[in-house]
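> I need the structure of the sequence given here:
(3 chains)
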Amino acid sequence: MSDTASQEPAETKTAPMIQMIGVHKWYGEFHVLKDINLDVDHRERIVICGPSGSGKSTLIRCINRLEEHQQGRIIVEGIELTSDLKHIEQIRRDVGMVFQHFNLFPHLTVLENLTLAPIWVRKTPRAEAEKAAMTYLERVKIPEQAKKYPGQLSGGQQQRVAIARSLCMNPKIMLFDEPTSALDPEMIKEVLDVMIELAESGMTMLCVTHEMGFAKTVADRVIFMDSGEIIEQNNPDQFFDNPQHDRTKLFLSQIL
Amino acid sequence: MISARARASSDTLALIKSKGFLSCGVNTGLPGFSAPDTNNNWTGMDVDFCRALAAAVLGDTTRVKYKPLTAKERFTALQSGEIDILSRNTTWTQIRDTSLGLNFAGVNYYDGQGFMVKKSLRVKSAKELDGAVFCMQAGTTTELNLADYARLNKFTYKSITFETNEQVREGFETGRCDVLTTDQSGLYSHITKLSDPDSAMVLPEMMSKEPLGPVVRQGDDAWFNVVRWTLHALINAEELGVTSENIEQMKSSSNPAISRLLGTTGDMGAKLGLDNSWAFHAIKQVGNYGEIFERNVGRLSPLKIRRGLNALWNRGGIMFAPPIR
Amino acid sequence: MSATENGWQPAPDLPPPSSSVGIIGWIRQNLFSSPLNIFLTVVGLYIIYKAGVPILDWVFWSADFSGEDQSACTSGGACWVFVGQRLSFFIYGFYPESEYWRINVLFVLLAVLIIPQMIPAFPHKKWLGWFFLVGFPIVSYVLLLGGSFSLPHVETEKWGGLMLTLVISFVGIVFALPLGTLLALGRRSDMPVIRAICVGFIELWRGVPLISVLFMASVMLPLFLSEGAHFNKLLRALIGIVMFQSAYMAEVVRGGLQAIPKGQYEAAAALGLGYWRSMGLVILPQALKLVIPGIVNTFIALFKDTTLVLIIGLLDILASVQAAITDPAWSAVAAEGYVFTAVAFWIFCFGMSRYSQGLERRLDTGHKKR
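Presented below is the predicted three-dimensional model:
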């Protein structure tokens, strides 16, 4: 068991890490999330899939309030997300996010990318932050790139740096927003390997991806979304072998 | 605007005495009147008048802070109290005297728009300029004055206007025109810049009256009097033959007018709120009007302007100062 | 599998033909490649010769360099004696001669602070840069104005020449950049009131010519202030210039902010960085770097615009030259004065331009798509 788990207070173990209760969201007139109800347990690994435009990215982006929901409640680690900036920043510190396009800071070296938030948000001393950053870089297997700039790395390396950057904040939850979609095929594996390793260490993860192999290997639960609704959710075996809903069947037949 | 003018009408003389210097608005650069000299000091007739004032009020010509002003901002600077006196070749007109909240304290230079011609034209009078081509600066009253003058004297002319002073001179020098017209004081400064200064001459006629003098705020009579009578003292000194050189001997002169001027008899200074030796300081340190004129614009200067109208009344000019008594 | 293991090797690189390399190759390719090209080259050289020789003759060969006054200028070319005689006025204005050392100290300090920035390997450049932006203005203020540390007070009416030009531009640059950045951020703010204020400010100042700003500062403002509050004309002009320039700067910086992908904002937010930290640490360093050419362009424009202060009676370098060339003690020396001014401006503007190019190269971290 990972050491982060042992430090958890007893009561948060029983309560869900993330609760979404009747969440609705609109982009203008467009109803993008419709009555989402979702509980994510401690150390649960969830893969969210669905056709493009189904609202899956929006859903996870609501969890760290990169998107604002208009109805319903979202409670992360017992803190409800409202327009209160303090709460938002508190939650963002504990929720890591990996983006489709990596979004590394191009003007900073890899090491500076990793230490920026620990130094400025967590107030970690620089030396300590750099030491921690190096261990995370080793964990994603690119310590030798620490002094380079993101522009000098390959896509797969950049995404691994992005994962390490999130981990440097010691997040309790990791959100992945299509982390391999922008990668060349030969680089997908190196990123997935890191994600699998992370999942096996016991991190709570929500992952929007079309990598069904990844879902089968590590997911505790697979969620299928379409048109802003959660259509179906199940454990991977049931989900892939015995989909219940017609739309799920159609979707799986198209991507598998 | 009204309140702005009214408010700055406090006791300027007391203010100058308490701050220990005089704020003098001058031209940013007009040779002979106000311009930086080779040692980077302000010099010229208008500057000398401020120096004389400082000597009269504070006993020291160096107690002046010069504020170079453009034509557009000069009256505001005076109205707002930024300067104590405007000594910046400003023409005394009725509108300025009556509607700007200002008072002209007198005239220290009688100027007027004149004509400069090439000597080779053999023209002796402006009356002979029929059909001539005139060079002048654009956007000034020069053009209007010329039009009026031509209509009045029934002659035809062509005009070429230029943006800057240098271009006007260049046009004259390269023969694009026969006549260059601007204020007479400016004509003399143009002549010095010609490659052959002897090739041109200034005609005697003037087509406009431009009496230039120091200006103060309206409603501060004590300070107005100091400025006006300092100017008169300088002119009277010339008339009485008192110069910066002979002033020590003149102190023992038997002429009562000189004694009053130099403060050896009478209480002339005290009546202005000044020391009785006010005019003595001014004349000793700056010179009388004639000395100031010759040094800055006259014989002793590169401009070589003749006294003309600015000669004393008893020597063919119109400089006439009321007596100090 | 590597190539050698397959027994296959890439063909060796051959050198390019000699006619396409070296000076000869360049001349042949660029100047004499076709009859028309040859014709244009010859005509061009002829024009350069016809125009260049008289200019060089006037500037150097027929010019007079040494002497005391007008009488030394007899050769028919440029009378540089005039510039030499009045150089102190063009540089220091009316500043008292005994206090020139203060300005000289600042000139040296300026050079000491700027030259290391041009040397890539120089250590502590960052601190020198910060001192340049924060410490140097304070030192300059104390030294130039005096009145403290037993330095005699020199009122701003005595400031002039190149020194005044540099003071105005430096103040404009140092204050307009941060103020403009704040305005640009405000213009993109989520808060409607702040956005409205910033948009209003920017559009107001961008909508008026600098000349009218200066006129307002020198002619109108004193009338509105209560008596005794008529503060320094230079200060009024400086405030006007800073306001005006910061509005322009805001638009330049806004362009940079718009070019930063949304992902950068999101990544910074997702890491828990608050607004000011994401702006200060992530967004602005990238945005400002993107718009360095625009910023320097604005600076150069500002530097040249400072000459407009002559219309409110501040004697900057151009106004000093204009005042000096009217001196009747010298014959026509306008050309010399203006050439001197032009060269002085060109040196500073060209320096700024080169510096910005160097800065761009140095800050390039290889993420730009070429």
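
> Mind naming the longest helix for chain A?
The longest helix of chain A (DSSP state H) is helix A:185-200.

> Give me the local confidence score for residue A:144.
As predicted, residue A:144 sits at a pLDDT of 90.

> SS state for it?
helix (DSSP: H, G, I helix; E, B strand; the rest coil).

> neighbours of it, just the number please.
Counted by other C-beta atoms under 10 Å in any protein chain shown, the residues lying close to residue A:144 total 10. To be clear about C-beta, it is placed using only N, CA and C from the backbone, and glycine gets the same treatment.

> Residue A:65 too?
Residues contacting residue A:65 under the criterion other C-beta under 10 Å number 22.

> Show me what the longest helix of chain A is in contact with.
A:45, A:139-141, A:154-157, A:159-160, A:163, A:167, A:174, A:176, A:179-180, A:183, A:205, A:207, A:211, A:213-214, A:217-218 (C-beta atoms under 8 Å, 6 or more residues apart in numbering or on different chains).

> in that helix, what's buried?
In terms of neighbour count (16 or more other C-beta atoms under 10 Å in any protein chain shown), helix A:185-200 has its buried residues at A:187, A:188, A:190, A:191, A:192, A:194, A:195, A:198, A:199.

> cool, and stretch B:245-257?
With burial defined by 16+ other C-beta under 10 Å, the residues of stretch B:245-257 counted as buried are B:247, B:250, B:251, B:253.

> What is the nearest of the residues you listed to chain A?
Proximity of the buried residues of stretch B:245-257 to chain A (C-beta to the nearest C-beta) peaks at residue B:247, which lies at 75.6 Å.

> tell me which element the nearest residue to that closest one once chain neighbours are set aside falls in.
Spatial nearest neighbour of residue B:247, excluding adjacent residues (C-beta to C-beta, 6 or more residues apart in numbering or on different chains): residue B:284 at 4.9 Å. Taking DSSP states H and E as the criterion, residue B:284 maps to helix B:278-286.

> Confirm residue A:174 sits in a strand?
Yes - counting by three-state DSSP, residue A:174 is located in a strand.

> contacting residues for it?
A:95, A:96, A:97, A:98, A:166, A:167, A:198, A:203, A:204, A:205, A:206.

> In its sheet, which strands sit next to whichever strand or helix holds the third one, and in what direction?
Under the criterion of DSSP H and E, residue A:97 resides in strand A:95-98. Strand A:95-98 has the following sheet partners, assigned by DSSP bridges: strand A:173-177 (parallel).

> what's the angle from the strand it pairs with to helix A:185-200?
Here the directions of strand A:173-177 and helix A:185-200 differ by 160 degrees (axes from the mean of the first three to the mean of the last three C-alpha atoms, to 10 degrees).

> so what's residue C:197 up against?
residue C:186.

> Can you measure across stretch B:263-280, start residue to end residue?
Terminal residues of stretch B:263-280 lie 7 Å apart, using C-alpha to C-alpha, to the nearest Å.

> Does residue C:253 belong to a helix, a strand or coil?
Assigned with three-state DSSP, residue C:253 falls in the helix class.

> Report the contact partners of it.
By C-beta under 8 Å, 6+ apart, the contact list for residue C:253 reads C:180, C:181, C:183, C:184, C:287, C:288, C:291, C:295.

> what's the neighbour count on the third one?
Other residues lying near residue C:183 total 23 when counted by other C-beta under 10 Å.

> Quick check, it in contact with residue C:200.
No - between residue C:183 and residue C:200 there is no contact under C-beta atoms under 8 Å: 10.4 Å.

> Is it correct that residue B:123 is in contact with residue B:130?
No - counting by C-beta under 8 Å, residue B:123 stays clear of residue B:130, with 10.4 Å between them.

> just to revisit the earlier point, want to throw the buried residues of helix A:185-200 into a markdown table with pLDDT?
Below are those laid out as a markdown table (pLDDT from 0 to 100):
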| residue | pLDDT |
| --- | --- |
| A:187 | 88 |
| A:188 | 89 |
| A:190 | 88 |
| A:191 | 89 |
| A:192 | 90 |
| A:194 | 89 |
| A:195 | 90 |
| A:198 | 89 |
| A:199 | 88 |
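
> returning to that earlier point: next, the angle helix B:278-286 makes with the next helix or strand after the helix holding residue B:284.
Sequence order places helix B:289-296 as the next helix or strand after helix B:278-286, per DSSP H and E. Helix B:289-296 and helix B:278-286 are oriented at 20 degrees to each other (the same axes, to 10 degrees).

> helices or strands up against helix B:289-296?
Counting contacts by 3 or more C-beta pairs under 8 Å, 6 or more residues apart in numbering or on different chains; DSSP states H and E, helix B:289-296 packs against helix B:45-58, helix B:221-240.

> can you tell me the residue of the stretch 101-250 of chain B closest to chain A?
Going by C-beta to the nearest C-beta, chain A is nearest to residue B:163 of the stretch 101-250 of chain B, at 49.0 Å.

> Give me the distance between that residue and residue C:307.
The gap separating residue B:163 from residue C:307 is 16 Å, by C-beta to C-beta, to the nearest Å.

> more neighbours, those two?
Between residue B:163 and residue C:307, residue C:307 has the larger neighbour count (other C-beta under 10 Å), namely 18 against 10.

> List the contacts of that one.
Contacts for residue C:307 (C-beta under 8 Å, 6+ apart) come out as C:165, C:316, C:317, C:318, C:319.

> So which of those residues wins on neighbours?
Neighbour counts for these peak at residue C:165, which has 29 neighbours (criterion: other C-beta under 10 Å).

> Show me what secondary structure element comes after the helix or strand harbouring that residue.
Residue C:165 is part of helix C:161-187, with elements assigned from DSSP H and E. Later in the chain than helix C:161-187, the nearest helix or strand by DSSP H and E is helix C:192-206.

> In that next one, which residues are buried?
Neighbour count says helix C:192-206 has C:198, C:201, C:202, C:205 buried, by 16+ other C-beta under 10 Å.

> residue ranges for the helices of chain A, please.
Here chain A has its helices, by DSSP H, at A:3-6, A:10-14, A:56-63, A:85-94, A:110-120, A:126-139, A:155-167, A:185-200, A:212-218, A:236-241, A:246-255.

> For residue C:134, find the nearest of the ones you listed.
Taking C-beta to C-beta, helix A:110-120 is the member of the helices of chain A nearest to residue C:134, at 21.5 Å.

> what's the residue in chain B that chain C sits nearest to in contact with, if anything?
Of all residues in chain B, the one sitting closest to chain C is residue B:29 (3.1 Å; C-beta to the nearest C-beta). Contacts for residue B:29 were tallied using C-beta under 8 Å, 6+ apart; they are B:35, B:36, B:68, C:319, C:322, C:323, C:324, C:326.

> again, but for residue B:113
Residue B:113 neighbours (C-beta under 8 Å, 6+ apart): B:142, B:145, B:146, B:181, B:182, B:183, B:184, B:206, B:207, B:208, B:210.

> Most neighbours of all these, which one?
Of these, with other C-beta under 10 Å as the count, residue B:181 tops at 30 neighbours.
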